[in-house]
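> return atomic coordinates for the entry below.
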Amino acid sequence: MDYLHSEIVAMASRVEEDLRKAVQALRDRDSELAKTVKADDQKINAMQQNIQYTAAVLMATQQPVARDLRELVSAIRLADNLERMGDYTVHLAKTAIKLRNSSWPVQFTMLGEMGEIGCKMLRSMTDAFITQNVQAAMECAELDTRVDDLHHKLMALTLSNLKEDPTLAEEAIKLIRTSGFLERLADHITNSCELVAYTVSGTQTELNS
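Residues are numbered from 1 along each chain as shown. Modelled structure (predicted):
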């Protein structure tokens, strides 16, 4: 179980590091940095498979009950959430590459802010998981509303810009899709916070509904 916990923390830290790189690549229009994020995706997938395999073996051989069983179930679901977060991070990196020569200053700032909040949420969720702190998990989930607000503002602004210049449609779609990916990344972090609460209390709690 200690090994499993350490692997989850390592996976979460890797996703957080890649998200920070993707945000920096977007801001600096740094294609090479963005490519390193894409390259890390296979490592994150391998970490997910290792965590889920380890949890499955423990469930099959140790016949856990009560909290031990909840921890193993949560580990499998956490690894799945983290893998999806990694996918959304790659999408942000791809946007940094595809739109490196474009001029969307306000939207790029919004995407960067959404990414930064995502990093903060990931760090807080990981800390809550390590300490099994339900209150910290709940406070982390509350940050999801800030990401939602930024997503809605970015969509509204981009659609307004598009009315003024319809030739920007392809780039506008990429921006809105990327914003949506970051919004879903925050949702997956919130889901992970719910898993922390479930592990500790044994009760399914919907945070930030």
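> can you list the low-confidence ranges for this structure?
209 (pLDDT under 70).
> now do the residue of it most remote from its centre against residue 172, distance only.
Distance from the C-alpha centroid of the chain, by Cα atoms, centre = their mean, peaks at residue 164 (32.9 Å). Residue 164 is 11 Å from residue 172, where distance means Cβ to Cβ, to the nearest Å. All C-beta atoms are positioned from the backbone trio N, CA, C, and that covers glycine.
> overlap in contacts of those two?
The overlap between the contact sets of residue 164 and residue 172 (Cβ atoms under 8 Å, 6 or more residues apart in numbering) is empty.
> wait, what's in contact with the residue farthest from the centre of the chain?
If a contact means Cβ under 8 Å, 6+ apart, then residue 164 has no contacts.
> do the same with residue 205
194, 197-198.
> can you tell me the SS state at it?
At residue 205 the chain is in coil, as set by DSSP: H, G, I helix; E, B strand; the rest coil.
> look up how far residue 33 lies from it.
For residue 205, the distance to residue 33 equals 38 Å [Cβ to Cβ].
> same question for residue 44.
Distance of residue 44 to residue 33, computed by Cβ to Cβ: 17 Å.
> same check, this time on residue 196
31 Å.
> which of these two has more residues huddled nearby?
A side-by-side neighbour count of residue 196 and residue 33, using other Cβ atoms under 10 Å, places residue 196 first with 28 against 17.
> my guess is that one contacts residue 132, does it?
Yes. Under the criterion of Cβ atoms under 8 Å, residue 196 makes contact with residue 132 at 6.8 Å.
> for stretch 9-25, give me every contacting residue.
30-31, 33-34, 36-37, 40, 43-44, 47-48, 51, 79, 82, 85-86, 89-90, 92-93, 96-97, 111-112, 115-116, 118-119, 122-123, 125-126, 129-130, 185.
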